[in-house]
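Engineer: structure of the sequence below:
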Amino acid sequence: MIHVPTAIWAHTAFDVTAWLSGLALSGGLYHWRLRGATEQVAARVGGGYFVALAAGAIPGAWLAGSLNTLRGAHPALSHSVVGALVGAIVAVEIYKALRGVEGSTGGVFVGPFSLGVVIGRWGCLFAGLPDGTYGTPTALPWAVDLGDGIGRHPVEVYESLAMALFLALYLEGLARRRPWALRRGFYAMCLWYGAARFGWEFLKPYPALIGPLNLFHLLSGGLVVYGWVYYRASLARDRAQGCAVPVPGADHEPVRDLP
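Structural biologist: Residues are numbered from 1 along each chain as shown. Now for the predicted structure:
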């Protein structure tokens, strides 16, 4: 068992680091590979896009987090990153439907969100038991002791490493101008994060909502369905327009899309 020193302020410190790192990565990716795609999206969505995003993400985060913790042994208000993501998606997709905007508009958020999870989840770990995101007891050799002498699954580390792997694959896809990364990266991220988060939720002591599933199982499952449906729809739309689709980049070279 691994003893982990904890302090509640660690959450804020890692959150700030995650935000700043995400902003820096976003700027780097914009200048490296995403400038063309981002400019095209900005021209289509209008200024109300970010209003819709915030209007969905903020209440989504607090509603999902609080609906979970208020049903626990120690009711309290809280927020959730998966709730923020789901809320933002719902609000933005409604906004896009009203404006007749098709295709992915979230590519610029893939890198920052992924890196935010990679860094932010370590803050959850070092914040300890008061953070409420710890795992269930286990006898595995890498179990963590957060101060109560009980070995627990380091679910925060599992989630961080899973998103670190996705981020590495995503950056490799951008480097090679893979259409899935340039055109459908956001949908791929939702698929990956939703599937991974769904699995990790079985290792958390959250109150069940339907059978063995808690609220975050349902939200994560929704992300998987959303990512799969929209990824396939985007792929079909590109194929209907021709086998070779233009992918915005420094040289605007056409890229052949493969399944």
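Engineer: low-confidence regions, the stretch 51-200 of the chain specifically.
Structural biologist: Along the stretch 51-200 of the chain, no part satisfies pLDDT under 70.
Engineer: that one: strands as residue ranges?
Structural biologist: According to DSSP state E, counting those that start in this stretch, the stretch 51-200 of the chain carries its strands in the segments 144-145, 151-152.
Engineer: need the ones you listed in CSV (columns: mean neighbour count and distance to P5).
Structural biologist: For the C-beta atoms, the positions are set from N, CA and C on the backbone; glycine is no exception. Listed next are those as CSV, based on neighbours: other C-beta atoms under 10 Å; distance: least, C-beta to C-beta, whole Å:
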stretch, mean neighbour count, distance to P5
strand 144-145, 19, 10
strand 151-152, 21, 15
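Engineer: looking at the ones you listed, which is nearest to T133?
Structural biologist: Distance to T133, taken as C-beta to C-beta, is lowest for strand 151-152 among those, at 10.7 Å.
Engineer: elements contacting that closest one?
Structural biologist: In this structure, strand 151-152 makes packing contacts with strand 144-145, judged by 3 or more C-beta pairs under 8 Å, 6 or more residues apart in numbering; DSSP states H and E.
Engineer: could you dump the strands of the stretch 51-200 of the chain to a markdown table with distance to I210?
Structural biologist: Below are these laid out as a markdown table (distance: least, C-beta to C-beta, whole Å):
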| stretch | distance to I210 |
| --- | --- |
| strand 144-145 | 29 |
| strand 151-152 | 24 |
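Engineer: select the longest helix from the chain.
Structural biologist: Longest helix of the chain, by residue count under DSSP state H: helix 215-241.
Engineer: packing partners for it?
Structural biologist: Contact here means 3+ C-beta pairs under 8 Å, 6+ apart; on that basis helix 215-241 packs against helix 48-69, helix 81-99, helix 179-200.
Engineer: centre of the chain versus the shortest one, how much separation?
Structural biologist: Okay, so that is helix 81-99. The chain centre lies 13 Å from the centre of helix 81-99; the measure is C-alpha atoms, centre = their mean, to the nearest Å.
Engineer: what does it rub up against?
Structural biologist: Contacts to helix 81-99, defined as C-beta atoms under 8 Å, 6 or more residues apart in numbering, come from residues 44-46, 48-49, 52-53, 55-65, 101-102, 105-106, 113, 116-117, 120, 190, 193, 197, 216, 219-220, 222-223, 226.
Engineer: buried stuff in it?
Structural biologist: Within helix 81-99, the residues scored as buried using 16 or more other C-beta atoms under 10 Å are 81-93, 95-96.
Engineer: okay, it in PDB with CA atoms only?
Structural biologist: Taking C-alpha atoms only, helix 81-99 is exported to PDB below (Å, rounded to 0.1, in the frame of the first residue of the first chain):
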ATOM      1  CA  VAL A  81     -16.000  17.600 -15.100                       C
ATOM      2  CA  VAL A  82     -18.100  15.000 -16.900                       C
ATOM      3  CA  GLY A  83     -21.200  17.000 -16.000                       C
ATOM      4  CA  ALA A  84     -19.700  20.100 -17.500                       C
ATOM      5  CA  LEU A  85     -18.700  18.200 -20.700                       C
ATOM      6  CA  VAL A  86     -22.200  16.700 -21.100                       C
ATOM      7  CA  GLY A  87     -23.900  20.100 -20.300                       C
ATOM      8  CA  ALA A  88     -21.700  21.900 -22.800                       C
ATOM      9  CA  ILE A  89     -22.400  19.300 -25.500                       C
ATOM     10  CA  VAL A  90     -26.200  19.500 -25.100                       C
ATOM     11  CA  ALA A  91     -26.300  23.300 -25.100                       C
ATOM     12  CA  VAL A  92     -23.900  23.600 -28.100                       C
ATOM     13  CA  GLU A  93     -25.700  21.000 -30.200                       C
ATOM     14  CA  ILE A  94     -29.000  22.800 -29.600                       C
ATOM     15  CA  TYR A  95     -27.400  26.100 -30.600                       C
ATOM     16  CA  LYS A  96     -25.900  24.500 -33.700                       C
ATOM     17  CA  ALA A  97     -29.200  23.000 -34.700                       C
ATOM     18  CA  LEU A  98     -30.900  26.300 -34.400                       C
ATOM     19  CA  ARG A  99     -28.300  28.000 -36.600                       C
END
